[in-house]
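Asks: predicted model follows, preceded by the sequence.
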Amino acid sequence: MSDTPDTVIRSISDNLRRIEGVGAPIIFADNVPFIGHVGGVIKATLSAGVSSVDAPGAEVPTAHLRLTRHAAEALIKGLQDIIVLADRNNSGAPIN
């Protein structure tokens, strides 16, 4: 059976979805209220502020990161690079 254009496109699309991490969540954070390490695992909790009449200024956890040292260093470098790019873009427009 030969590949038809539809099957080739479907295969490429499926591979791109896997590469892009379609299933990965988008995590919003305003703060990092907890950091630590246990047994070589670096831990950080991200949180976001919520507005509520009952609890003004409250924060809720949005993610708990557990990273190897290598992953933490890569994340730090990536975030620093993004901050440099954001600082260069004074217009406030998205850089992507």
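Replies: Noted; the coordinates are in hand.

Asks: so residue 60 sits in a strand?
Replies: Yes - Residue 60: assigned to a strand according to DSSP: H, G, I helix; E, B strand; the rest coil.

Asks: that one contacts residue 46, correct?
Replies: No - checked against C-beta atoms under 8 Å, the pair residue 60 and residue 46 is beyond contact range at 10.2 Å. Every residue, glycine included, has its C-beta placed from N, CA and C.

Asks: neighbour-wise, which of the two wins?
Replies: More crowded of residue 60 and residue 46, by other C-beta atoms under 10 Å: residue 46, with 18 against 10.

Asks: element containing the nearest residue to the more buried one once chain neighbours are set aside, please.
Replies: Closest residue to residue 46 apart from its sequence neighbours, by C-beta to C-beta, 6 or more residues apart in numbering: residue 29 at 3.7 Å. Using DSSP states H and E, residue 29 sits within no helix or strand.

Asks: mind giving me the packing neighbours of the helix ranked longest in the chain?
Replies: Longest among the helix segments of the chain by residue count, using DSSP state H, is helix 69-88. Judged by 3 or more C-beta pairs under 8 Å, 6 or more residues apart in numbering; DSSP states H and E, helix 69-88 is in contact with strand 41-50.

Asks: partner strands of the strand it packs on, with direction?
Replies: Applying DSSP bridges, strand 41-50 is found paired with strand 31-38 (antiparallel), strand 58-67 (antiparallel).

Asks: chain center to it: distance?
Replies: 12 Å (C-alpha atoms, centre = their mean, to the nearest Å).

Asks: now stretch 41-57
Replies: On C-alpha atoms, centre = their mean, the centre of stretch 41-57 falls 17 Å from the chain's centre.

Asks: lovely, talk soon.
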